[in-house]
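Chemist: Requesting a structural model of the entry that follows:
(one chain, ligands or ions: 2)
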Amino acid sequence: MRMKAAVAYGVNQPLVVEEVELDPPHAGEVMVKLHATGVCHSDVHSLTGDLPREWPVLLGHEGAGEIVEVGEGVTRFEKGDHVILTFLPSCGKCRWCHTGEPTLCDLGQYLRTGKLLDGTSRLHRASDGQEINHFLFVSTFAEYTVAPEASLVKVASHLPLEKLCLLGCGFTTGFGAATNAAHIKPGETVTIVGCGGLGLSAIQGAALSGAGKIIAVDVHEEKLDLAKKFGATHTIVSRQNPKEVADQVMEITWGVGTDYSFEFVGGQETDDTARVAFKSIRKGGTMFMVGVGAIQKKTMPIDPYVMALWRKRIVGVLFGDSQFQADIPKYVDLYEQKKINLDDMVTKELRLDDINEAIDDILAGNRVARSVIRFS
Ligand SMILES: [Zn+2]
Ligand SMILES: [Zn+2]
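Modeler: Ligands and ions are numbered 1, 2, ... in the order given. Purely as a prediction, here's the structure:
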């Protein structure tokens, strides 16, 4: 079928909104009519070359929509179901899926192939038939997508998909880092480095878990204003060097440091942000590395002397260490009960034709918490 999609053709080139031919679902796949998709920093990391891709590629990985066609052998879904597309798949069969760690699912090894699980693409440029690569199996910058059933979570059909789409990546990653990875307990203290979509979601997770001091750090004051709205108790504008930011955290915590810290920035910035996160934790504290660093960057500025003598720990977190098939429906409930706030996370809504504006806003750093493209 013909549809409109935003295709990426190379590093730092604007996306081209054009007609794309989408093939029907193969066995184990479904076709989803997208209602909305978030625009996430990881899409931009792909565009800037920090996370290299094969071109052309149809980006987007934070979508929600309605199933319009079901491939052979699909039993968990039927036409009309509302679904969240998740940027990681979970097969439900491998060792990791069986031991409660679906973010490590063996299907993850195929995520960078640009193809679906049978090694082929469903995407072709309408004008000349050129094959287009898939992105993380979901490619949501388009009116429709074909994805493996392993990349879908069914959700209640009466809630706004233009808000629930955030559960497919950003919200679950940030909220899960606080609640699944750190297991924050009442009164514990946290430092959140980077207050975009992930950081704001982690602040909500920390607040809902009963954290004491929630210290938000960002270079943009606009984001710190949002951080306060979502539950940050203290904010630090990070204009100084990392040591000065960490000194402020120490002052706020009476010289102790926080129980946990989270790095949510990633990209090329990690020399500074990882330093802040590492210095901010107390003796025996844990730093969670959530932001995805640039692939070319192979080192992190961590002081091994302090790490050993202060018994500090550094832990990697992926998709909030969530059991997303189970957790996302729980987050939908929390949203319905107004215990989590997705509405105010979406600071801008756009149409697909204006998608490059959403990319520019992310590159600017201070304009949006989350932009959402609406198709309906
Ligand atoms: Zn993302
Ligand atoms: Zn698996």
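Chemist: Longest strand in the protein, please.
Modeler: Taking DSSP state E as the criterion, the chain has its longest strand at strand 29-39.
Chemist: what helix or strand does residue 72 sit in?
Modeler: Using DSSP states H and E, residue 72 sits within no helix or strand.
Chemist: residue contacts, it?
Modeler: Neighbour list for residue 72: 26, 27, 28 [criterion: Cβ atoms under 8 Å, 6 or more residues apart in numbering]. C-beta coordinates here come from the backbone N, C-alpha and C atoms, glycine included.
Chemist: how many other residues sit next to the closest residue to ligand 1 within the stretch 101-250 of the chain?
Modeler: Nearest residue of the stretch 101-250 of the chain to ligand 1 (Cβ to the ion) works out as residue 169 at 3.3 Å. By other Cβ atoms under 10 Å, 31 other residues sit near residue 169.
Chemist: my read: it touches residue 103, true?
Modeler: No. Taking contacts as Cβ atoms under 8 Å, residue 169 lies outside contact range of residue 103: 11.9 Å.
Chemist: what residues do those two have in common as contacts?
Modeler: residue 319.
Chemist: what distance separates the helix or strand of the chain with the lowest mean pLDDT from the centre of its chain?
Modeler: When the helices and strands of the chain are compared on mean pLDDT, DSSP states H and E, helix 41-48 comes out lowest with a mean of 89. Here the centre of helix 41-48 is set off from its chain's centre by 12 Å, with Cα atoms, centre = their mean, to the nearest Å.
Chemist: Any residue of it touching ligand 1?
Modeler: Yes. Counting by Cβ under 5 Å from the ion, ligand 1 has neighbours in helix 41-48: residue 42.
Chemist: isn't residue 51 right up against residue 42?
Modeler: Yes. Assessed by Cβ under 8 Å, residue 51 is found in contact with residue 42 at 6.8 Å.
Chemist: who has more neighbours, the two?
Modeler: The residue with more neighbours, out of residue 51 and residue 42, is residue 42; 23 against 18, by other Cβ under 10 Å.
Chemist: correct me, but that one touches residue 48?
Modeler: No. If you go by Cβ under 8 Å, residue 42 and residue 48 don't touch, sitting 10.7 Å apart.
Chemist: what residues does the stretch 151-300 of the chain put near ligand 1?
Modeler: residue 169.
Chemist: Helices along the stretch 151-300 of the chain, start to end?
Modeler: 161-164, 170-176, 197-208, 221-229, 242-252, 270-280 (DSSP state H, counting those that start in this stretch).
Chemist: if you compare these, which one is most tucked away?
Modeler: Sort these by mean neighbour count, taking mean count of other Cβ atoms under 10 Å, and helix 170-176 sits at the top with a mean of 30.
Chemist: thinking again about what came up before, any idea which of the contacts of residue 72 is the one closest to ligand 2?
Modeler: residue 28 (13.4 Å).
Chemist: Would you report the backbone torsion angles of that closest one?
Modeler: phi 80, psi 10 (degrees, to the nearest 10).
Chemist: Could you find the closest non-adjacent residue to residue 213?
Modeler: residue 189 (4.3 Å; Cβ to Cβ, 6 or more residues apart in numbering).
Chemist: show me the contacts for the residue of the stretch 201-350 of the chain found nearest ligand 2.
Modeler: Nearest residue of the stretch 201-350 of the chain to ligand 2 (Cβ to the ion) works out as residue 325 at 10.6 Å. Applying Cβ under 8 Å, 6+ apart to residue 325 gives the contacts 90, 92, 102, 153.
Chemist: Got a ChimeraX select line for the buried ones in these?
Modeler: To isolate in ChimeraX the members of these that are buried, counting by 16 or more other Cβ atoms under 10 Å, one can use:
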select :90,102,153
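Chemist: Among the contacts of residue 325, give me the pair with the biggest separation.
Modeler: In the contacts of residue 325, the most distant members under the criterion Cβ to Cβ are 92 and 153, with 11.9 Å between them.
Chemist: Count the residues that sit near residue 69.
Modeler: Neighbour tally, residue 69, other Cβ under 10 Å: 16.
Chemist: For it, give me its contacts.
Modeler: Residue 69 is in contact with 24, 25, 30, 31, 79, counting by Cβ under 8 Å, 6+ apart.
Chemist: so how far is the longest strand of the chain from its chain's centroid?
Modeler: With Cα atoms, centre = their mean, you get 16 Å for strand 29-39.
Chemist: Walk me through which strands it pairs with, and which way each runs.
Modeler: strand 63-70 (antiparallel), strand 144-148 (antiparallel), strand 370-374 (antiparallel) (DSSP bridges).
Chemist: okay, those strands in JSON lines with mean pLDDT and distance to residue 356 next?
Modeler: Converted to JSON lines, the strands paired with strand 29-39 look like this (pLDDT from 0 to 100; distance: least, Cβ to Cβ, whole Å):
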{"stretch": "strand 63-70", "mean pLDDT": "98", "distance to residue 356": "18"}
{"stretch": "strand 144-148", "mean pLDDT": "98", "distance to residue 356": "20"}
{"stretch": "strand 370-374", "mean pLDDT": "96", "distance to residue 356": "11"}
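Chemist: Can you pull up the residues of the stretch 101-250 of the chain that come close to ligand 2?
Modeler: Of all the residues in the stretch 101-250 of the chain, those lying near ligand 2 are residue 105, going by Cβ under 5 Å from the ion.
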